[in-house]
Every structure is written in structure tokens, then in C-alpha cells.
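**Q** Build the 3D model from these lines:
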Amino acid sequence: MNILLERIILVEDDPIISWQMTRHLHKLGYRVLDVFTDYQEAEIEIYQHRPDLVISNLRLADGWVDAMYLKMIVRNTHKLIICTALSNASMYLDILHKLPISILYKPFAMCQLEKFLENMT
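**A** Residues are numbered from 1 along each chain as shown. Sure, this is the predicted structure:
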């Protein structure tokens, strides 16, 4: 476990993916503070608790992530992983090239998420 990533917030509206990720993160010793299914609720929690890592889907049921949301996350957390099924996600938002964001493409195996976490310092 990376001790710099003790507190994680997950933003994912697919209950199966969020359950699998939360379960795997707990198994690895990480602390998932909460799981959110929409950006508005997540934004409040991120601002209040300033987690070490946010893992967020690029598109939820309440819409697409926007540049302001991403900037707020980066200002209030150490790291951000975007999970998406869009193969051209970096083209979706130019901001992805300018911020310290990692992109994990769906579908992914939990060992891929684990590798991302190991490489974060």
C-alpha cells in the first residue's frame, strides 16, 4: 500500500464497478471514505475532506465531468484517476493534458488499478 494514498473517494455510478473497486481497495489496505454516484455530492465531500486520491468516472448518470470539476479536484486532492470507457478521453477535454490526471480505460482488471496505485508517489 502507498502510504501517501490513505484516503480515497470513489465517484462511479455503476454499482458493480464501484463495489468491485471498493472491495479491492479495502483488500489492499486503502481506506475508501465514500462512494458517490453524482458529481455534485462528490464535489462537496472532496472540498470538505481533501482526500489523497479521487477515482472518478468521466461520465455519470447526471452528465459529463467538466473542466471546473477536474480543476477543483486537483486543487483539493493529491491525485486523480479518471476511469472511462471512452478510448479518446484525452480528446474529450483539453484540460486532461494540463492536469496531473491518470486515465484508466474500461474495461480494466483490478490488477491494472493496483499498478496505477503502486506507481503513484
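**Q** Identify the residue nearest the residue nearest the centre of the chain in space, chain neighbours excluded?
**A** In the chain, the centroid-proximal residue (CA atoms, centre = their mean) is Ile55; its distance is 1.1 Å. With sequence-adjacent residues excluded and distances taken as CB to CB, 6 or more residues apart in numbering, Ile55 is closest to Ile81, at 4.6 Å. To be clear about C-beta, it is placed using only N, CA and C from the backbone, and glycine gets the same treatment.
**Q** Please name the residues that touch that neighbour.
**A** Ile81 makes contact with 53-56, 101-104, 113, 116, according to CB atoms under 8 Å, 6 or more residues apart in numbering.
**Q** Hmm, which of those residues is lowest in pLDDT?
**A** Among the contacts of Ile81, Ile101 carries the weakest pLDDT, at 76.
**Q** now it: how far from Thr84?
**A** Distance, Ile101 to Thr84, using CB to CB, to the nearest Å: 11 Å.
**Q** returning to that earlier point: so what's the residue nearest to Ile55 bridging to?
**A** For Ile81, the beta-bridge partners are Ile55, Ser102 (DSSP bridges).
**Q** Just the buried ones out of the contacts of Ile81, please.
**A** For the contacts of Ile81, a burial check counting by 16 or more other CB atoms under 10 Å picks out 53-56, 101-102, 113, 116.
**Q** which one of these sits closest to Asp13?
**A** Asp13 lies nearest to Ser56 out of the buried ones among the contacts of Ile81, by CB to CB, at 10.4 Å.
**Q** State the distance from that closest one to Ser102.
**A** Applying CB to CB to Ser56 and Ser102 gives a distance of 11 Å.
**Q** any common contacting residues for the two?
**A** Between them, Ser56 and Ser102 share the contacting residues 80-82, judged by CB under 8 Å, 6+ apart.
**Q** Can I get those residues in TSV including distance to His24 and pLDDT?
**A** Formatted as TSV, these follow (distance: CB to CB, whole Å; pLDDT from 0 to 100):
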residue	distance to His24	pLDDT
Leu80	18	85
Ile81	13	89
Ile82	18	84
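**Q** CA-only coordinates of the helix or strand where Leu70 lies, as PDB, when you get a sec.
**A** Leu70 is part of helix 67-76 when elements are defined by DSSP states H and E. Below are the C-alpha coordinates for helix 67-76, written out as PDB (Å, rounded to 0.1, in the frame of the first residue of the first chain):
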ATOM      1  CA  ALA A  67     -13.200  21.200 -16.600                       C
ATOM      2  CA  MET A  68     -14.200  23.100 -13.400                       C
ATOM      3  CA  TYR A  69     -14.900  19.900 -11.600                       C
ATOM      4  CA  LEU A  70     -11.500  18.500 -12.600                       C
ATOM      5  CA  LYS A  71      -9.700  21.700 -11.500                       C
ATOM      6  CA  MET A  72     -11.500  21.600  -8.200                       C
ATOM      7  CA  ILE A  73     -10.400  18.000  -7.600                       C
ATOM      8  CA  VAL A  74      -6.800  18.700  -8.400                       C
ATOM      9  CA  ARG A  75      -6.800  21.800  -6.100                       C
ATOM     10  CA  ASN A  76      -8.300  19.700  -3.200                       C
END
